[in-house]
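K.L.:
Could you work out the structure for the sequence below:
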Amino acid sequence: MKAANIMNIVDLHVHSIKSDGSFTPTELVQYAIEKGLSAFALTDHDTTAGLAEAMSAAEGKPIEVIPGIEFSTEYEGRDIHILGLYVDYEEPHFKEHLVTFQESRVIRNEKMCKLLSDAGMDITYDALLAAYPGSVITRAHYAKYLLAHGYIKSMKEAFDRYIGDNCPYFVPREKVTPSQAVELILQAHGIPILAHPTLYHMGKDRLDKLVDTLTESGLMGIEAVYSTYCLSEECEMKALAKKYSLCISGGSDFHGNTKPGLDLAVGYGKLFIPEEILTNLKQARRLKYPDIFTDMDLSGK
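P.N.:
This next block holds a predicted model:
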């Protein structure tokens, strides 16, 4: 019975401990197999550090690990996320720019730690690195740290009082534009996708303008199936994708216990991402980069 499921379920937006998830890349592979997935994309924030481990763990297993990333970018003062699927994470230009992304995070984190420390909290950037080794430090790590050390009573309180966008201890970091992220993913022969558009609360016209701009830059898809969408939002995102001749993508945005109640593959219980979505994305990639498929199969491996 389980074998039948393996062929028709995917999840194209997943995080590991290499950014702000709670599963190791190897644990994600094991869990994805348990959940009956045929493929999942590891899309950690601004890092590809977990990809080699995940892909190695999947060798010889009934699962495809799609090498991905989730870039944090800025557009008109808003944090906009761009997913990259099937990125060539060893491409030199791509690797060089990742270093720049990571350096901007370090600078931001050092400033935030100083603000929190000056306010009387015993926190340093070195302490965060020691608490979460091998991870790209995000605000979720701050929330976990503050909770573990008794400064707050919930993760939500951290964002509401201390490190949310408009809070006194938040420091924005230097970010690229969404178009620059799209172009960087294209240079790495990946599929650039606008992640969870409804979460930006931009309004229909502004979102349409963003998608128009990004399509001109080479955007190939929109995350039209997502854990938090209601049916009307999913229909709106699919219609927007159709308007601009873009593929649709889908993902749970699984983080493990960092996002309680949100599970791999099923989101909050009703998410279903058919393998057909991945098949269409693969075909779009094949058409976009015909030269790299001369001696390769459709999976892009």
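K.L.:
okay, how far is it across stretch 122-133, tip to tip?
P.N.:
18 Å (CA to CA, to the nearest Å).
K.L.:
which stretches of the stretch 1-150 of the chain form helices?
P.N.:
Applying DSSP state H, counting those that start in this stretch to the stretch 1-150 of the chain gives helices spanning 2-6, 25-34, 51-58, 92-118, 125-131, 139-148.
K.L.:
Kindly report the same for the stretch 201-301 of the chain.
P.N.:
Under DSSP H, counting those that start in this stretch, the stretch 201-301 of the chain gives helices at 204-217, 231-243, 275-288.
K.L.:
Out of the ones you listed, which gets nearest to residue 142?
P.N.:
helix 204-217 (28.4 Å; CB to CB). Quick note: C-beta positions are derived from backbone N, CA and C, even for glycine.
K.L.:
So what touches the closest one?
P.N.:
Helix 204-217 is contacted from outside by 75-76, 80, 178-179, 182-183, 192, 194, 197, 200, 202, 219, 222, 240, 243-244, 246, using CB atoms under 8 Å, 6 or more residues apart in numbering.
K.L.:
Which residues are in contact with the residue nearest to residue 132 when sequence neighbours are not counted?
P.N.:
Distances taken as CB to CB, 6 or more residues apart in numbering put residue 141 closest to residue 132, at 5.2 Å, once the chain neighbours are dropped. Counting by CB under 8 Å, 6+ apart, residue 141 touches 20, 128, 131-132, 135.
K.L.:
And for residue 129?
P.N.:
residue 137.
K.L.:
Would you check how far apart residue 209 and residue 42 are?
P.N.:
31 Å (CB to CB, to the nearest Å).
K.L.:
nope, residue 30 is what I was after
P.N.:
Relative to residue 42, and taking CB to CB, residue 30 is found at 13 Å.
K.L.:
Which residue of these two possesses the greater neighbour count?
P.N.:
Neighbour totals were compared for residue 30 and residue 42, and residue 42 leads with 30 against 15 (other CB atoms under 10 Å).
K.L.:
Run through the bridge partners of that one.
P.N.:
For residue 42, the beta-bridge partners are residue 14, residue 67 (DSSP bridges).
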